[in-house]
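Q: Here is a sequence together with a model predicted from it:
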4 protein chains.
Amino acid sequence: MSEEPRPAGDIGKQRIEALSDGIYAIALTLLVLELKLPPLAEHATNADLGRALSDLLPKILSWVLSFWVMAILWLSQVRIYHLVHSLSHTMVRLELLQLACVSLMPFSTALVGEHGNLPAGAAVYAGNMLAVAVTGALRTRELLHQPHVHAKPIDDTLRRALNRRAYGLPACALTAFVLAFFVPGWNMLAMAGMVLMPPLRRA
Amino acid sequence: MSEEPRPAGDIGKQRIEALSDGIYAIALTLLVLELKLPPLAEHATNADLGRALSDLLPKILSWVLSFWVMAILWLSQVRIYHLVHSLSHTMVRLELLQLACVSLMPFSTALVGEHGNLPAGAAVYAGNMLAVAVTGALRTRELLHQPHVHAKPIDDTLRRALNRRAYGLPACALTAFVLAFFVPGWNMLAMAGMVLMPPLRRA
Amino acid sequence: MSEEPRPAGDIGKQRIEALSDGIYAIALTLLVLELKLPPLAEHATNADLGRALSDLLPKILSWVLSFWVMAILWLSQVRIYHLVHSLSHTMVRLELLQLACVSLMPFSTALVGEHGNLPAGAAVYAGNMLAVAVTGALRTRELLHQPHVHAKPIDDTLRRALNRRAYGLPACALTAFVLAFFVPGWNMLAMAGMVLMPPLRRA
Amino acid sequence: MSEEPRPAGDIGKQRIEALSDGIYAIALTLLVLELKLPPLAEHATNADLGRALSDLLPKILSWVLSFWVMAILWLSQVRIYHLVHSLSHTMVRLELLQLACVSLMPFSTALVGEHGNLPAGAAVYAGNMLAVAVTGALRTRELLHQPHVHAKPIDDTLRRALNRRAYGLPACALTAFVLAFFVPGWNMLAMAGMVLMPPLRRA
């Protein structure tokens, strides 16, 4: 929309925001497809149904965790894109890479809901989170090094807050990934830091 | 888009509107995935197909009810967001919480279509509606307490209409939830109030 | 966005356009989920795969027809909404009703792909198209009767073109619906009129 | 949005961009639905899960290739639509045709992930890519022939870059299609040119 000249390769942020909103919306909604009752007998009683529902509990927990983490990632992206008016070629590539990892989340959420007690299941899930967090950190790094895309100057307090988040999220995810091989399932507690980290209020 | 200073933590409403529209669109469309004919024999007759279609009737009814309620919720959100220019940090959190509940609706619609005659099935469905209605009511409450996000002053008539809706919807859903344990299936009639409640014409 | 006063109950068109685009996008994409190969044997040959693919042909034909019709419906809606700046309460209701019918299309497309040779299957599909066409016609009728929502005056040539389309689409769909009971499968040829009808170039 | 008169049949680009973003977002996310573990035994060991995950490798590779190609197609479309302010009737038709082919990608990705070693599987996948590339090339051709839709004049350097891409992508896809009948699976390497082709930095 803006008519100011842009360096070759930059693109406006509107379309990539629209694609992101679409992919997050779908990935968030597809998470629920994993919550499926096994077929019950024709004349199932209320107790049968209650038991089937409580058997879903691990899947419900992994749904809650994934929804929460993805909502926080989306919110970070909203705040970060508020700081820029367009995206450099590298930022677009990193964003598309992150969206690929986000679209994988329903797969790894299903995996951890079914096999979260096995190292391979827990590691795939934490590895997916790690990939999302690392691409996010690289995007923040690129953003801070490209002052020509900034919508307004970024002061030092905000720069520090951005860096803290950019390195804090991968650190939590890496911890969860390593612990997956030793205490699968419980390793997810390492993600708590990700969820509890103070949001980017200033952005 | 607006350049006026915003309190720390507030975000513009465009992106959250886009995410909501996406999640509602997907959840509304996924409802239909439950409408699936059982596989018929190779040379099924027209009568076989007619019978299979009429066996779908309970699922079709729960699809209609869910579509209707979700469309009304979406419309309320449109009217409410028309009153504000940005969202406080708390409103964003409540919105994401509500979207999580909305994205669960295809799951509980499937459940009630299959087991709506059992208390557990009817209660999960009504409980999901209750969660959506309560988060909506909290959002309205927060909105009325944050005059700095209002796009224009909210007069007393509108304030009363907003409050009536905010407390009326959870009341209907709570009634449906309690009745689920006594008259499962029929308890859904309590949702009729939700559907028939006069819309927020003034917003 | 516009600040002119609106009659109570009217809403801006942006959000309903966004919801529509979402629902059409999803319904169009979900159509493809029906195109599924049956599981082949472990060491299937190229001839086995070719046979399985050609068995998909009826489903592919119904996918093409549904995609085409839905794309045309979406395009009509784009052209019609270009004529207005906001929607009356009744238009919003009709739009949501039409979106419900649109979201049913993947279900009836699947049905006709599997059982299009039976009257019940062909009738459900044509009936779904009929419901979409009738709600569209009612929306056009309401639009022409609500001059206060028009973005610019609607001249007589355009009015006639709108009316011709509004009544032509339901007429084709009704013909297909009636023929479903006599020549199931072939009745779909009556939809050709829908697809070949000249588009609303002037809108 | 713009109020300048448009030739009959042209439409603004906002809605078609929104529909495209939706369809790309959904098709990109549905690709993941194919990544599904076979049900494992009740007390599966970590080695069982590891084996099941590594059996997914061909599907993961086809997911990566499809995501990458579709992300590049989306990005081309973003850059191309940046050059125009509205779309001619023919461009809209070509865009909808291309979106139909894009929405087929999850089907052909699933097919190639399962049967990429058979000519029929590899040819369907490459054929789908070819259809997407050809409709894209026709769209670019139409765009260059319709100066009245250009947002600003298109200079010769850009025109050459657009033409190079428009003919380069179908050439790669056609090569992959032909090779599918001789070296199924390996034929996909011909797509590498598509992925490595320099992006439209100037657009």
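A: Received it, and whenever you're ready, just let me know what you need.
Q: Residue A:195: neighbour count?
A: Per other CB atoms under 10 Å in any protein chain shown, the neighbour tally for residue A:195 reads 12. Every C-beta, even on glycine, is put in place using the N, C-alpha and C of the backbone.
Q: Which residue is most remote from the mean position of chain A?
A: Relative to the centre of chain A, and counting by CA atoms, centre = their mean, the farthest-placed residue is residue A:43 at 41.3 Å.
Q: Need phi/psi at that one.
A: Phi and psi for residue A:43, reported as degrees, to the nearest 10, are phi -110, psi 60.
Q: Can you name the residues of chain A that neighbour chain D?
A: For chain A, the contact set with chain D under CB under 8 Å from any CB of the partner chain comprises A:8-9, A:11-12, A:15-16, A:18-19, A:21-23, A:25-27, A:30, A:89, A:92, A:96, A:99-100, A:103-104, A:106-107, A:110-111, A:114-115, A:118-121, A:124.
Q: Of these, which are in range of chain C?
A: Answer for the residues of chain A next to chain D near chain C (CB under 8 Å from any CB): A:22, A:25.
Q: and the residues of chain A next to chain D, which of them are in helices?
A: Among the residues of chain A next to chain D, the ones falling in helices (DSSP state H) are A:15-16, A:18-19, A:21-23, A:25-27, A:30, A:89, A:92, A:96, A:99-100, A:103-104, A:106-107, A:110-111, A:114-115, A:119-121, A:124.
Q: Residue C:183 versus residue A:87, what's the distance?
A: Distance, residue A:87 to residue C:183, by CB to CB, to the nearest Å: 55 Å.
Q: Residue A:116 too?
A: Residue A:116 is 55 Å from residue C:183, by CB to CB.
Q: Which residue of these two possesses the greater neighbour count?
A: Shown here are residue A:116 and residue C:183; by other CB under 10 Å, residue A:116 has more neighbours (22 against 13).
Q: Which helix or strand in chain A has the lowest average pLDDT?
A: Every helix and strand of chain A was ranked by mean pLDDT, DSSP states H and E. The lowest is helix A:192-196, at a mean of 74.
Q: For residue A:58, give me its contacts.
A: Contacts for residue A:58 (CB atoms under 8 Å, 6 or more residues apart in numbering or on different chains) come out as A:113, A:116.
Q: what residues does chain A put near chain C?
A: Residues of chain A lying near chain C (CB under 8 Å from any CB): A:22, A:25.
Q: Output the below-cut-off pLDDT ranges for chain A.
A: Chain A contains residues with pLDDT under 70 at A:1-9, A:198-203.
Q: Can you tell me the number of residues neighbouring the residue in it that chain D sits nearest to?
A: Proximity of chain A to chain D (CB to the nearest CB) peaks at residue A:22, 2.8 Å away. Neighbour count for residue A:22, taken as other CB under 10 Å: 31.
Q: now swap in the one 5 residues further on and tell me
A: Residue A:27 has 26 neighbours, counted by other CB under 10 Å.
Q: just the one 10 residues further on next, same as before
A: Neighbour count for residue A:37, taken as other CB under 10 Å: 17.
Q: middle-most residue in chain A, spatially?
A: residue A:70 (3.8 Å).
Q: Please list all residues in contact with that one.
A: Residue A:70 neighbours (CB under 8 Å, 6+ apart): A:24, A:27, A:28, A:31, A:102, A:105.
Q: swap the cut-off to 6 Å and go again
A: Residues near residue A:70 by CB atoms under 6 Å, 6 or more residues apart in numbering or on different chains: residue A:28.
Q: List the buried residues for the one helix or strand it maps to?
A: Using DSSP states H and E, residue A:70 sits within helix A:57-81. Buried residues in helix A:57-81, defined by neighbour count with 16 or more other CB atoms under 10 Å in any protein chain shown: A:59-60, A:62-63, A:65-81.
Q: do stretch A:99-118 as well
A: In stretch A:99-118, counting by 16+ other CB under 10 Å, buried: A:99-116, A:118.
Q: now stretch A:157-169
A: In stretch A:157-169, counting by 16+ other CB under 10 Å, buried: A:158, A:161, A:162, A:165, A:166, A:168, A:169.
Q: what about the residue nearest to residue A:22 when sequence neighbours are not counted, how many neighbours?
A: Using CB to CB, 6 or more residues apart in numbering or on different chains and skipping residues adjacent in sequence, the residue nearest residue A:22 is residue D:25, 2.8 Å away. By other CB under 10 Å, 29 other residues sit near residue D:25.
Q: swap in residue A:153?
A: Residues contacting residue A:153 under the criterion other CB under 10 Å number 8.
Q: Can you tell me which residues in chain A are near chain B?
A: Residues of chain A found near chain B (CB under 6 Å from any CB of the partner chain) are A:21-22, A:25-26, A:28-29, A:32, A:35, A:46, A:49-50, A:67, A:71, A:78, A:201-202.
Q: and the two most separated of these?
A: Maximum pairwise distance among the residues of chain A next to chain B (CB to CB): 51.3 Å, between A:46 and A:202.
Q: So those two - more neighbours on which side?
A: Counted by other CB under 10 Å, residue A:46 and residue A:202 do not tie: residue A:46 has more neighbours, with 17 against 14.
Q: Next up, phi/psi of that one, please.
A: phi -60, psi -30.
Q: Let me see the contact set for the closest residue to it other than its chain neighbours.
A: Of all residues beyond its chain neighbours, the one nearest residue A:46 is residue B:118 (4.7 Å), with distances taken as CB to CB, 6+ apart. Residue B:118 makes contact with A:46, A:49, B:184 under the criterion CB under 6 Å, 6+ apart.
Q: Return the member of the residues you listed nearest to residue C:147.
A: Once CB to CB is applied, the member of these that ends up nearest residue C:147 is residue B:184, at 49.7 Å.
Q: so what's residue A:12 up against?
A: Residue A:12 sits in contact with residue A:86, where contact means CB under 6 Å, 6+ apart.
Q: Who are the contact partners of the closest residue to chain B within chain A?
A: Residue nearest to chain B within chain A: residue A:25 (2.8 Å; CB to the nearest CB). For residue A:25, the contact set (CB under 6 Å, 6+ apart) comprises B:19, B:22, B:23, B:26.
Q: which residues touch the second one?
A: The one in question is residue B:22. A:21, A:22, A:25, C:22.
Q: Go again with 10 Å.
A: Applying CB atoms under 10 Å, 6 or more residues apart in numbering or on different chains to residue B:22 gives the contacts A:18, A:20-26, A:28-29, B:99, C:18-19, C:21-22, C:25-26, D:21-22, D:25-26.
Q: swap in the last one?
A: Taking CB under 10 Å, 6+ apart, we find residue B:26 in contact with A:22, A:25-30, A:32, B:102-103, B:106, C:22-23, C:25-26, C:30, D:22, D:25-26, D:29.
Q: what's the burial count for the nearest residue to it once chain neighbours are set aside?
A: Excluding the flanking residues, the one nearest residue B:26 by CB to CB, 6+ apart is residue A:29, at 4.3 Å. For residue A:29, the neighbour count with other CB under 10 Å is 27.
Q: isn't residue A:29 right next to residue B:101, touching?
A: No - applying CB atoms under 10 Å, one finds residue A:29 not in contact with residue B:101, separated by 12.0 Å.
Q: who does the host helix or strand of residue A:176 touch, helix- and strand-wise?
A: Taking DSSP H and E as the definition, residue A:176 sits inside helix A:156-180. Packing partners of helix A:156-180 (3 or more CB pairs under 10 Å, 6 or more residues apart in numbering or on different chains; DSSP states H and E): helix A:57-81, helix A:119-144, helix A:192-196.
Q: mind checking how far the first one is from the chain centre?
A: Right, helix A:57-81. 6 Å (CA atoms, centre = their mean, to the nearest Å).
Q: cool, the second one as well?
A: Helix A:119-144 has its average C-alpha position 8 Å from the chain's average C-alpha position, going by CA atoms, centre = their mean.
Q: quick one: contacts for residue A:174?
A: Per CB under 10 Å, 6+ apart, neighbours of residue A:174: A:126, A:127, A:129, A:130, A:133, A:134, A:190.
Q: Determine which two of the residues you listed are furthest apart.
A: Farthest pair in the contacts of residue A:174, by CB to CB: A:134 and A:190, 15.4 Å.
Q: This completes my enquiry, with thanks.
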